[in-house]
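Participant: Can you look at this prediction? I've put the sequence above it.
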Amino acid sequence: MKNSPKVSVIILNFNGKHHLKDCFESLYAQDFPFNDMELILADNGSNDGSVEFVKKKFPEVNTIEFKENLGFAEGNNRAAKKAKGDIIAFMNNDMRAHPLWLKNLVENLDLNKGIVATSSKILNWDGNKIDFIGGVMTPFGHGYQPRFGEKSSKVKDDTKEIFFPCGGAMAIYKNFFLEIGGFDPDFFAYFEDVDLGWRIWLFGEKVLFVPDSVVYHRHLATGGLLAHEKRSFLYERNALFTIFKNYEDFRLSLYLPAALLMGSAKNILTSTFSFQEFYIGPKKDEEKSPKKESPWAKKKRNIKTIIKEKDFKAPFRWLVLQISRIVLKMIGYHPVPRYAFVFPAAAYDFIFHLNTFMKKRRWIQSNRKKSDEEIFSFFKLENQFHPDLNPDYIIIIEKLIKVIQDITKEKKKK
């Protein structure tokens, strides 16, 4: 590779010693001039001997040690500020890279074309299933990975512009990354890359997916250290942060209330309560669900979620819930799973961050170069929603989006 740029590869780690051998051996094997590559272990206060292991096994790696777990966003930000390269590459500690990973990722960056960030193709550890081939965001701020879990042999992928890079395997110009604020540290983890991608586009630049830049990922090997409801809390809260910061005024006035209404609906759907227990009066035809989920479909979806999230304690929680439901009903109470409090907790925390995020919002809106209309029409984001959602929840999303679209059309007519 002629005239290779200086690249700093940052591996963020928290008690992931068992991943680091495969991870760094794959980086040492890169088809990239080693003298032009700075390898960094940014350690989030591990107590499993991770730092000592890397210093002994991979002495060329620079180590940055934090006293506590700063989270994905702030840990990577601090490491990026100390990095010496002109380009920053981020890779998760539970990944190994194909020998051409870094070369192909970096070669596709092009300031002249506005391509300031590139994102890799992520496969499962065995390389036979899709993890990430492009990021999509719902209009309510939730990011997801289309075609996740499908056989990689059946998926054709091309170099293309995408809405956001996967923070676990991406490259970006260091100066630009720092100028636009890096990953938002208040996110701690999850959807910080969705937020970053949105900012890249509204600042007038682009993100490119590079299918020839490949990494292999142990899904949830690190994220799985967090309980399912804690991850879900971060998903919901950070989605609210994302839309609050980045939407223009008119769209925010529509989507933020809709997102809060959606959260309330999700609260009911996960609480084991039926809203009919509170409903008074005859049920109107228009309120009947045309896609009522069958018991078997619900079981199938729940099993799929358990496997995907590696939440293998879920069946035991379900059994305890059924037993407690019987007992508590005898004394006039109704058991509610902890997961049902995820969205209220997320909304509560969102409220207490409003002053901070209002400052961030003012800065972003005053510096944006592209409208939401330009970005959303290009990526067709208006009707996106996660395909694995409860059908009853999808109906609620569709109703809310329909209202938003009607209001938008009326505004355009005026």
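Facilitator: The structure has been received and is ready for your questions. Residues are numbered from 1 along each chain as shown.
Participant: which residues of the protein fall in strands?
Facilitator: 7-13, 37-44, 62-66, 87-92, 95-97, 115-124, 130-132, 136-137, 143-144, 160-161, 169-173, 206-217 (DSSP state E).
Participant: Would you list the strands that the longest one pairs with, along with their directions?
Facilitator: When you say that, I think you mean strand 206-217. strand 95-97 (antiparallel), strand 115-124 (parallel), strand 160-161 (antiparallel) (DSSP bridges).
Participant: Now that we have the strands of the chain, can you turn them into JSON lines and tack on distance to I395 and mean pLDDT?
Facilitator: Bear in mind the C-beta positions are built from the backbone N, C-alpha and C, glycine included. Compiled in JSON lines, those are given as follows (distance: least, Cβ to Cβ, whole Å; pLDDT from 0 to 100):
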{"stretch": "strand 7-13", "distance to I395": "39", "mean pLDDT": "98"}
{"stretch": "strand 37-44", "distance to I395": "41", "mean pLDDT": "98"}
{"stretch": "strand 62-66", "distance to I395": "45", "mean pLDDT": "98"}
{"stretch": "strand 87-92", "distance to I395": "35", "mean pLDDT": "98"}
{"stretch": "strand 95-97", "distance to I395": "37", "mean pLDDT": "98"}
{"stretch": "strand 115-124", "distance to I395": "32", "mean pLDDT": "97"}
{"stretch": "strand 130-132", "distance to I395": "28", "mean pLDDT": "94"}
{"stretch": "strand 136-137", "distance to I395": "20", "mean pLDDT": "90"}
{"stretch": "strand 143-144", "distance to I395": "19", "mean pLDDT": "89"}
{"stretch": "strand 160-161", "distance to I395": "31", "mean pLDDT": "94"}
{"stretch": "strand 169-173", "distance to I395": "35", "mean pLDDT": "98"}
{"stretch": "strand 206-217", "distance to I395": "32", "mean pLDDT": "97"}
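Participant: do you know which of those lies nearest F341?
Facilitator: F341 lies closest to strand 143-144 among the strands of the chain, at 22.6 Å (Cβ to Cβ).
Participant: pretty sure Y216 is touching N128, no?
Facilitator: No. Counting by Cβ atoms under 8 Å, Y216 does not reach N128; the two are 10.1 Å apart.
Participant: These two: which is more packed in?
Facilitator: Remark: of Y216 and N128, Y216 carries more neighbours, 20 against 10, as counted by other Cβ atoms under 10 Å.
Participant: Can you name the residues bridging to that one?
Facilitator: R96, L123.
Participant: gap between it and A171?
Facilitator: With the distance defined as Cβ to Cβ, to the nearest Å, Y216 ends up 17 Å from A171.
Participant: Report the contact partners of the residue most central in space within the chain.
Facilitator: In the chain, the centroid-proximal residue (Cα atoms, centre = their mean) is F191; its distance is 3.3 Å. Applying Cβ atoms under 8 Å, 6 or more residues apart in numbering to F191 gives the contacts G141, H142, G143, L234, Y235, N238, A239, F241, T242.
Participant: Could you list the domains of this structure?
Facilitator: What the record gives for the chain is the domain set 7-224, 228-413, from automatic domain parsing.
Participant: By mean pLDDT, show me the worst of these.
Facilitator: For the domains of the chain, mean pLDDT drops lowest on domain 228-413, to a mean of 80.
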